[in-house]
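> This is a predicted model, with the sequence first.
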Amino acid sequence: MGAVSHKLVPEMFRPKPGENFVITADTESDPRAVDATAAAAFTVGARPMVIRVASPLGVGKAADPMLPVEPLTAALSAADAWVEFNKEWLLYSTPYEAAVRKNKKLRYMALVGMDVDMMIRVIGRVDLPPLKEYQDRPLAMMKEAGQIRVATSAGSDVTVETNPEAPGSSDVGYATTPGTYFLGGQLGPGYSESVDGSIVFDGSIFPPIGLIEEPVKLHVREGKVEKIEGGQDARTFEAWLRSFNDANMFRVAHLCFGCNPGAKLTGEIVEDERVWGSAEWGSGYVGEGLTADGKPIQASSHTDGICLDSSVWLDGERIMDKGRTIQPELAELAKKLGKN
């Protein structure tokens, strides 16, 4: 575990001596991951500070009523680096928004729900330089494409007309300059309102469920979820979305593709959305890093769902087949990560 935390802090954050290194957690977080990260930050000369809060009953802005908003915002606004291990995440909450708005030096990484076993799989055993090399190429291809199509054997078949003005995202795992970062092994084309077709989750949805027992089908038109079909999981998911009385919770916020060679489906969304060959769809709050104008699209909360073993086409050319990389150039890069 010590080796993994020393990779997380010195390699991924590269803190300077004397930097304020804040680690947030809640009462559902793995204290071993928190303590090991704090120790690694101290070892390299940073000044670690651990903030633990009672787990709120929601994520993003839905967590606000149960958070110590003012003192939490004050601490994050003075941090040089911030690692989030909260299970019920602060990402997109009011303290997060205020901190990234006020604190232009902040380097933030969302490692929500991370435990020590996951850290070993998705950080410790993953070589970041070849991961970056792999991710750079499909992201460039997506930026050049006018349309992305995603289909699965579970029934997904959806098209996205890409927005050339929206920045794409490639989460490799480095947080060495100011900004918002995520666990390595995920990439996506950026926000687009032109999403049409059927999305069928067959992996997990979080919140409010985790691992799902039966597929949940979303009918999407022009970027909005118009109908949800399925069994009990579908009814639970729809009831949760409607509980906010917020139409933007039915907005498709992003499409991302998983490519962390160590990730497996566990029900923890930070790992699930990086399972190799998966397509992950978010709905609700749209982060500022995904929009063309760099401003977030507000919603009461945010949720993510996983479609496993996805086939992907860029302007009609298939680059992935049922979770396998088949485009020749990408396939060669994937081999460096031990994947096909």
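Arrived safely.
> Show me where the stretch 1-150 of the chain dips below the pLDDT cut-off.
Counting by pLDDT under 70, the stretch 1-150 of the chain has low-confidence residues at 1-2.
> tally of neighbours for Glu317?
By the criterion of other CB atoms under 10 Å, Glu317 has 10 neighbours. Heads up, the C-betas are built off the backbone N, CA and C, glycines and all.
> Spatially nearest residue to it, not counting backbone neighbours?
Gln327 (7.5 Å; CB to CB, 6 or more residues apart in numbering).
> Please list all residues in contact with that neighbour.
Counting by CB atoms under 8 Å, 6 or more residues apart in numbering, Gln327 touches Glu317, Arg318, Ile319, Met320.
> Which of those residues sits closest to Lys264?
Nearest to Lys264 among the contacts of Gln327: Met320, at 18.3 Å, using CB to CB.
> who touches the closest one in this structure?
Counted by CB under 8 Å, 6+ apart, Met320 has contacts Gly277, Ser310, Ser311, Val312, Ile326, Gln327.
> Mark which of those residues are buried, thanks.
Gly277, Ser310, Ser311, Val312, Gln327 (16 or more other CB atoms under 10 Å).
> Show me the residues you listed that map onto strands.
Ser311, Val312 (DSSP state E).
> Save the buried ones among the contacts of Met320 as a markdown table, and put in distance to Leu67 and pLDDT too.
Below are the buried ones among the contacts of Met320 laid out as a markdown table (distance: CB to CB, whole Å; pLDDT from 0 to 100):
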| residue | distance to Leu67 | pLDDT |
| --- | --- | --- |
| Gly277 | 36 | 97 |
| Ser310 | 35 | 98 |
| Ser311 | 41 | 98 |
| Val312 | 38 | 98 |
| Gln327 | 44 | 96 |
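> Check the gap between Ile123 and Tyr174 for me.
To Tyr174, Ile123 is 12 Å away according to CB to CB, to the nearest Å.
> and these two? which has more neighbours close in?
Using other CB under 10 Å as the criterion, Ile123 and Tyr174 rank with Ile123 on top: 23 against 16.
> can you map out the helices along the stretch 1-150 of the chain?
With DSSP state H, counting those that start in this stretch as the criterion, the stretch 1-150 of the chain has helices at 2-6, 31-43, 69-76, 94-102, 116-119, 128-144.
> Compute the distance between the residue nearest to Ala145 when sequence neighbours are not counted and Trp89, please.
Leaving aside its sequence neighbours, Ala145 sits nearest to Leu314 (CB to CB, 6+ apart; 4.0 Å). Leu314 sits 31 Å away from Trp89, going by CB to CB.
> Which one's more surrounded, these two?
Higher neighbour count among Leu314 and Trp89: Trp89, with 26 against 20, using other CB under 10 Å.
> residues near the residue nearest to that one when sequence neighbours are not counted, how many?
Spatial nearest neighbour of Trp89, excluding adjacent residues (CB to CB, 6+ apart): Val112 at 4.1 Å. Val112 sits with 23 neighbouring residues when counted by other CB under 10 Å.
> tell me the contacts of Val112?
Glu84, Phe85, Asn86, Lys87, Trp89, Leu91, Ile269, Val270 are the contacts of Val112 under CB under 8 Å, 6+ apart.
> Any regions of the stretch 151-300 of the chain where pLDDT drops low?
Looking at the stretch 151-300 of the chain by pLDDT under 70, you get an empty list.
> need the helices for it, in chain order.
For the stretch 151-300 of the chain, the helices defined by DSSP H, counting those that start in this stretch occupy 232-242, 269-272.
> is it true that Lys132 touches Gly185?
No - Lys132 lies out of contact with Gly185 (CB atoms under 8 Å); the separation is 10.5 Å.
> Comparing the two, which residue is more hemmed in?
The residue with more neighbours, out of Lys132 and Gly185, is Gly185; 30 against 14, by other CB under 10 Å.
> Report the contact partners of the more buried one.
122, 126, 131, 135, 171, 173, 258-263, 274.
> Mark which of those are part of strands, please.
If you go by DSSP E, the contacts of Gly185 have Asp171, Gly258 in strands.
> out of the contacts of Gly185, who's nearest Glu11?
Nearest to Glu11 among these: Gly173, at 8.6 Å, using CB to CB.
> So the closest one sits against Gln135, correct?
No - contact criterion CB under 8 Å: Gly173 and Gln135 do not qualify, at 10.2 Å.
> about what we covered before: buried among the contacts of Val112? Need that as a selection in ChimeraX.
Those of the contacts of Val112 that count as buried under 16+ other CB under 10 Å are selected in ChimeraX with:
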select :84,85,86,87,89,91,269,270
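> and of the contacts of Val112, the nearest to Ala3?
Phe85 (18.1 Å).
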